[in-house]
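1. model this:
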Amino acid sequence: MPTMTSTVTLPPGPTLPRAVQGAYALTQPLRGLRRLRDRYGDAFTVDVPIFGRAVVISSPAEIKQLFTAGPDLVDNMEVNLGRVLGPRSLFALSGEEHKRQRKLLVPPFHGRRLAAYEKIVEEEALREFATWPENKTFATLPSMMRITLNAILRAVFGAEGAEFAELRELLPPFVTLGSRLAVLPIPKKGRWNPWRRFERMRREYDAIVDRLIAKARAEDKDDVLSMMLQTRYDDGTGLTRDEIADQLLTLLTAGHETTATTLAWAVERLRRHPALLHELNDDDGKLLDATILEVQRTRPVIDLTARQVRQDGFRLGRWTLPKGYSVLVSIALIHDDDTVFPHAATFDPHRFAGARPDLYQWIPFGGGTRRCLGAAFATMEMTVVLRTLLREFTIVPTDAPGERWHSRGIAYAPAQGGRVAVRRRSTGGEQ
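-> Now for the predicted structure:
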């Protein structure tokens, strides 16, 4: 357990001005982190926009200490995500308020509730796959974005009819703009102000959510929104309209683009591993589960998860940090560490066969009390979509080099969109 002391001890790091370090972080995000690790070790201090003075860590022991520290010691980062998703979003809440609201939102994403959404995901996958051409190479990311968006709108928002159509049109540009605003220090004042457009889109979103809430109150449904309306805090009160609107947007933002991007990376990886594709033809589901874990290890779509130090003298492993410092956990660096994952650069799903990963080492969903609330939902989505894809199609392998990483604001996607060529399977076997 971390302890408190008054002496500040920070890891080494670059001494360049914040603006220079920020430019380097924006232009060389993943490569830059690896270079800093090679130069300074598995922990280093940086000074960058939004996060300010921050310590980047990638040691399993220090990550575990951070994730298990109480909210009085370290808690949520006060960055732009709160401005983007709303003040009642889980990303904006801290301490007991965060714990209280998270407790209400966990049940809809586990157990029998989760299994009930599998049919929706499969229906959306089949609808999208019906449009795929044969023997023609194309990017899968747009398809995966449509599948995950539609699945969340139906299973989480309970949207159908006009509201479904309106949200499908509004939310992709809304989330794209929000993800960019979340990583750029753009003030809300000034002549050129993208926040105004964002706020206009937020008003449109809120109006649609109001209609969905009214419909959910009048109908007996089993989507997440309906369950939000029924759930109660310990004092008997329910979630407010603002809490529901912010949490729905949070669930969409956290689970739509990230899940779709991981699916595109999965296709990109599978094309380059024909032996694995052959094994998956006779899989009972366990190898597919391991493949999804390995895709998330080798191609994490989110690179950093962050905390902010709340008390002076916070002791984290070898370091003692002052109040106000940020602590950034580099997901890519720990996933890329040979001492944690032997031959880490090798894509090998068999490393997870018959074993679950250590959640302080394999951390694509973050960790601790801030671990992604929809992790189980996202895993279910990826499993159903890939299982359906492999059942419906034969993926044509390629010997082309792997696709490069491309930043889409928050998520890192395959630069060519996870390109694939497929052949449909006949009812009696492969064509």
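2. Longest helix in the chain, please.
-> Scanning the chain for the longest helix, with DSSP state H as the assignment, gives helix 194-218.
3. and the helix or strand following it, which residues are buried?
-> Counting by DSSP states H and E, the next helix or strand C-terminal to helix 194-218 is helix 224-230. The neighbour-count check on helix 224-230 (16 or more other Cβ atoms under 10 Å) flags 224-229 as buried. Quick note: C-beta positions are derived from backbone N, CA and C, even for glycine.
4. Can you tell me which of the residues you listed is closest to residue 242?
-> Distance ranking of those against residue 242, using Cβ to Cβ, places residue 228 first at 12.2 Å.
5. ok, the closest one - contacts?
-> Contacts for residue 228 (Cβ atoms under 8 Å, 6 or more residues apart in numbering) come out as 104-105, 108, 239, 244, 247-248.
6. Now render those as TSV, adding secondary structure and pLDDT.
-> As requested, the contacts of residue 228 are exported to TSV (DSSP: H, G, I helix; E, B strand; the rest coil; pLDDT from 0 to 100):
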residue	secondary structure	pLDDT
104	helix	83
105	helix	84
108	helix	76
239	coil	90
244	helix	93
247	helix	91
248	helix	92
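7. wait, which of those is closest to residue 92?
-> residue 247 (10.6 Å).
8. Thought residue 90 was touching the closest one, still the case?
-> Yes. Assessed by Cβ atoms under 8 Å, residue 247 is found in contact with residue 90 at 6.7 Å.
9. Overlap in contacts, the two.
-> Contacts common to residue 247 and residue 90, judged by Cβ under 8 Å, 6+ apart, are 101, 105.
10. Check the spatially most central residue of the chain and give its pLDDT.
-> With distances taken as Cα atoms, centre = their mean, the residue of the chain nearest its centroid is residue 258 (4.5 Å). Looking at residue 258, its pLDDT is 92.
11. helix or strand for it, which one?
-> Assigned by DSSP H and E, residue 258 falls in helix 257-271.
12. Show the secondary-structure elements that that helix is packed against.
-> Contact partners of helix 257-271 among helices and strands, from 3 or more Cβ pairs under 8 Å, 6 or more residues apart in numbering; DSSP states H and E: helix 141-155, helix 274-281, helix 286-298, helix 375-392, strand 393-395, strand 412-414, strand 419-420.
13. Give me the contact list for stretch 116-134.
-> 138, 143, 146-147, 150-151, 154-155, 222, 377, 380-381, 384-385, 388-389, 392-393, 422-424.
14. Could you tell me the end-to-end distance of stretch 44-63?
-> 14 Å (Cα to Cα, to the nearest Å).
15. and that stretch, average pLDDT?
-> Averaging pLDDT along stretch 44-63 yields 91.
16. Please apply the same query to stretch 263-281.
-> Stretch 263-281 comes out at a mean pLDDT of 97.
17. and it, which residues are buried?
-> 263-273, 276-277, 280.
18. Next: stretch 374-381.
-> For stretch 374-381, burial by neighbour count (16+ other Cβ under 10 Å) applies to 374-381.
19. Now do stretch 166-176: distance to the chain's middle.
-> Put simply, stretch 166-176 sits 18 Å off its chain's centre (Cα atoms, centre = their mean, to the nearest Å).
20. before we move on, what about stretch 412-431?
-> 24 Å.
21. Equivalent analysis for stretch 290-309, please.
-> That offset, for stretch 290-309, works out to 8 Å (Cα atoms, centre = their mean).
22. gap between the two ends of that stretch?
-> For stretch 290-309, the first-to-last residue distance is 35 Å (Cα to Cα).
23. next one: stretch 39-50
-> Stretch 39-50: ends 24 Å apart by Cα to Cα.
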